[in-house]
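Trainee: Below: sequence and its predicted model.
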Amino acid sequence: MSLNLNALNDEQKKAVEAVEGPVLILAGAGSGKTRTLTYRLAYLIDKKIAKPSEILAVTFTNKAAREMKSRIDELIKKDISPLWIGTFHSICARLLRIEAENLGFSRNYTIYDVDDQVRAIKKVISTLSVPQQLYSAKLIQSRLSRLKNQLLYPDDIENLDRKDGLYEYMPDIYREYQKYLQENNALDFDDLLIKPTELFDNHPEIKKKYASKFNYVFVDEYQDTNKAQYLLIKKLVEDHENICVVGDEDQSIYGWRGADLNNILNFSKDFPKAKIYKLEENYRSNKFILDAANSVVQHNQERIGKNLWTNRDDGDRIKLYASKDDLDEAKHIVEKIHDEMYTKKRSFKDIAVLYRTNAQSRVLEEALHKNAISYNIVGSIKFYDRKEIKDIIAYLKIIVNPADSISLKRIVNFPLRGIGDTTISKIEKFAEIEGIKLFDAMGRVNDIASISPAMSARVVEFHQLINKFIGLNSKLSAVELVSTLTSETGIMHHYKTEYDQYESESRVANIKELFNSIEQFCEERAKEKKDVSLTAFLEEVSLLTDVDTWNSDSNAVTLMTLHAAKGLEFKVVFITGLEMNLLPLQRNSANIRELEEERRLLYVGMTRAEENLYLSYAVTRRKYNQSQSTIPSLFLDELPQELLEFSSGTEQKGAAKKGKGRSRKKKIESYFDHHGSSQVSDDMCFKIGQPVYHATFGKGQVLGIEGSGDKAKITVHFKDEDIVKKLIKQYANLSAVEN
DNA sequence: CAGCTGTATCTTTTT
DNA sequence: GATACAGCTG
């Protein structure tokens, strides 16, 4: 039986059948994008146009990859395990695993997460003359990541015309950091995307190997690709141009991590032969919801534009609620969840509550918990970010890759074995002089004169313990190894005894959960006859997205950020915090691009809803533990009043009641204006590098500005006393000095 | 070296 | 309102 395309509409069918050459599918929200992509893949294989091994498919989450794979499986009932499908990060990790040696890494390299990166940066800047009290390792990490996302190298930064003090140090930090990572046989998240391109540039034969292997390349959510991802794909397909990308410029929400909208806007310039298909029929949302979402996103300038329509009924109006404060907002949501359940027979899993920042989840969680509404929270406190899990993972990383000194330092004194910072520093110094790895230096600790024999004995014992596990790794299954490890290192004992009963139980339960997930991983991979090594498990764990760990089958209300909601759908959606400076959220360098991205974020949220959409804002909201009054979001003014049903939990009268409070124009002005650093005509405007004068501290130079307006925190280095102070602009009585 | 205590910073979104 | 870190004490 051959594949039946009757389940598709005409445009979808055309997009499926156009197999050769570059294809751009512009797929509006809810237009059956995933379905089309799935059929296209199935079609290629079913018609024997391509073997599974010749196809590369990039999805946005691992969950999406899994689901797509099982859908294809259902459609054509063929073995598709040779198909490469996954996120950019996991596909790159897989490729680099194979080719690591050509890059000066070994196959068992470790993937560093943000936490590891920060530790590595701390180590690196401690050897450089970077003023550490000015530039935190965290700040440097985010700058470095941004540079890498833009595919900039240390040499490029040296040529950059930047006056920001940190950029003076960035090239050195960058070089040293990469060197340190290589010594640790580790790659960070950004390296995963960059290194394949580097590899292809330096080894044309390797590029050729993959370019000719992958005859057909698919990229989902193309609007969220960054420069590194774009170039990688471009290199892979430049010969055959069999590339199919799917995306929606209105759902581009990752500009802040380097995603470049131009990748999709310029697709037909990059590939002049491109065929373009527009999927404009929305099957997901009722008409009122779709109309409202459309009218919001129409305010954006930077878009191709499309006419998303639906055959569905009008449905209910969108409910807008003005709450007294964030607690009232949460209470209101609880009430409406009950309404939905009793009047519309919804179950918990039909419902999602979305917000702009993770911090907003706390109040919501408490309200749901108090009212016995079960919920799942996506993101926020990630399972694999918990201390007990991270520690065990660090042990596993060391076992797999003993060069990984970041992980080594994390666990060398956990559980406590009396090996402190001083001893570690001595061993590190020794390792550096001898030019050996930290772990190997531990084996030779007896050669270090300044370490006492008693201390040496402890270090040697630790070294032997790890060596023993390294030996066991090839003999035991992953689960056996982890269970031996947790008992022999004393981790299990530590968590059973060192905490109160409640905490102890939950930590031990988490560790057991880790055992389960390792077992599950091995079983699943064994079924597909794939690698079940510890390395493979660690890779999977490192590259999990928030949504990947979400159990969408369990009957619970889902709480997540608007970002995490991309690609999902729910019968009922609540979007909270529609306030200025929350949605849209403002940054120091507010510009039109960022405002439009915030608008798209709301659009993404609204289009998740199938039947009922609730919007809310709070007149006052607690922030930094302080209650602040808010201004309703300017996006609310962009919603057609006739589609709304307004209610209020506050006494406020007049314009505020309609969710307005002040004119849209004023709000837009305030969005851009709010920030001291972007003001022009203000003589109290400080720039980085600006010389200033203070009555008590004397002359100084501005090193950084945080926040905005009168409340901006200004970091100043006062030359005379050589001290660095953080001052609040409002009170500081600082004056700018002309150059 | 370990454990305690006070303080700074955090809250944008994520692989 | 938590958490990570620095700095101090035993």
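Mentor: Nice, thanks for sending it over.
Trainee: Report the spatially closest residue to residue A:447, excluding sequence-adjacent ones.
Mentor: residue A:430 (7.4 Å; C-beta to C-beta, 6 or more residues apart in numbering). From N, CA and C alone the C-beta is placed, and that goes for glycine too.
Trainee: Just the residues contacting the helix or strand containing that neighbour, thanks.
Mentor: Per DSSP states H and E: residue A:430 is located in helix A:421-434. Helix A:421-434 is contacted from outside by A:405, A:409, A:412-413, A:437-438, A:440-442, A:444-445, A:447-448, A:450-451, A:455, A:459, using C-beta atoms under 8 Å, 6 or more residues apart in numbering.
Trainee: List only buried entries from these.
Mentor: The neighbour count (16 or more other C-beta atoms under 10 Å) marks A:405, A:409, A:412-413, A:437-438, A:441-442, A:444-445, A:448, A:451, A:455, A:459 as buried among the contacts of helix A:421-434.
Trainee: doesn't residue A:607 make contact with residue A:575?
Mentor: No: under the criterion of C-beta atoms under 8 Å, residue A:575 is not in contact with residue A:607, lying 10.9 Å apart.
Trainee: Between the two, tell me which one has more neighbours.
Mentor: residue A:607 (30 against 27; other C-beta atoms under 10 Å).
Trainee: Nearest residue to that one in space, please, no chain neighbours.
Mentor: Closest to residue A:607 by C-beta to C-beta, 6+ apart is residue A:29, at 3.6 Å.
Trainee: Please, where are all the strands along the stretch 101-250 of chain A?
Mentor: Under the criterion DSSP state E, counting those that start in this stretch, the stretch 101-250 of chain A contains strands at A:110-112, A:186-188, A:216-219, A:243-247.
Trainee: Next SSE downstream of the last one?
Mentor: Heading C-terminal from strand A:243-247, the first helix or strand you meet, by DSSP H and E, is helix A:262-265.
Trainee: How far does that following helix sit from its chain's centre?
Mentor: Put simply, helix A:262-265 sits 21 Å off its chain's centre (C-alpha atoms, centre = their mean, to the nearest Å).
Trainee: Same question for stretch A:16-34.
Mentor: Stretch A:16-34 sits 25 Å away from the centroid of its parent chain (C-alpha atoms, centre = their mean).
Trainee: and that stretch, which residues are buried?
Mentor: Neighbour-count burial for stretch A:16-34 [16+ other C-beta under 10 Å]: A:16, A:18, A:22-34.
Trainee: for stretch A:490-500, same thing?
Mentor: A:491-492, A:494-495.
Trainee: do it and DNA strand B meet at all?
Mentor: No: contact between stretch A:490-500 and DNA strand B is absent, the nearest approach being 8.5 Å (criterion: C-beta under 7 Å from any atom of the strand).
Trainee: Which stretches in the stretch 101-250 of chain A count as helices?
Mentor: A:114-126, A:137-149, A:154-159, A:165-183, A:189-202, A:204-213, A:227-237 (DSSP state H, counting those that start in this stretch).
Trainee: Please disregard the earlier target; I meant the stretch 351-500 of chain A.
Mentor: Counting by DSSP H, counting those that start in this stretch, the helices of the stretch 351-500 of chain A are A:361-370, A:387-400, A:405-411, A:421-434, A:438-443, A:453-473, A:478-488, A:491-497.
Trainee: need those in CSV with distance to residue A:158 and mean pLDDT, can you?
Mentor: Output for those, formatted as CSV (distance: least, C-beta to C-beta, whole Å; pLDDT from 0 to 100):
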stretch, distance to residue A:158, mean pLDDT
helix A:361-370, 42, 89
helix A:387-400, 33, 89
helix A:405-411, 27, 90
helix A:421-434, 26, 88
helix A:438-443, 31, 93
helix A:453-473, 40, 91
helix A:478-488, 45, 90
helix A:491-497, 45, 83
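Trainee: what's the neighbour count on residue A:303?
Mentor: 17.
Trainee: Just the pLDDT at the nearest residue to residue A:123 once chain neighbours are set aside, thanks.
Mentor: Leaving aside its sequence neighbours, residue A:123 sits nearest to residue A:180 (C-beta to C-beta, 6+ apart; 6.5 Å). Predicted confidence (pLDDT) at residue A:180: the value is 92.
Trainee: quick one, what contacts the spatially closest residue to residue A:44 that is not a sequence neighbour?
Mentor: Once flanking residues are discounted, residue A:44 sits nearest to residue A:50: 4.6 Å by C-beta to C-beta, 6+ apart. Applying C-beta under 8 Å, 6+ apart to residue A:50 gives the contacts A:44, A:215-216.
Trainee: Got phi/psi on residue A:50?
Mentor: Per-residue torsions, residue A:50: phi -140, psi 150 (degrees, to the nearest 10).
Trainee: How much space separates it from DNA strand C?
Mentor: 47 Å (C-beta to the nearest atom of the strand, to the nearest Å).
Trainee: if I look at residue A:509, how far off is DNA strand C?
Mentor: Residue A:509 sits 17 Å away from DNA strand C, going by C-beta to the nearest atom of the strand.
Trainee: hang on, residue A:368 packs against residue A:375?
Mentor: Yes: under the criterion of C-beta under 8 Å, residue A:368 makes contact with residue A:375 at 4.8 Å.
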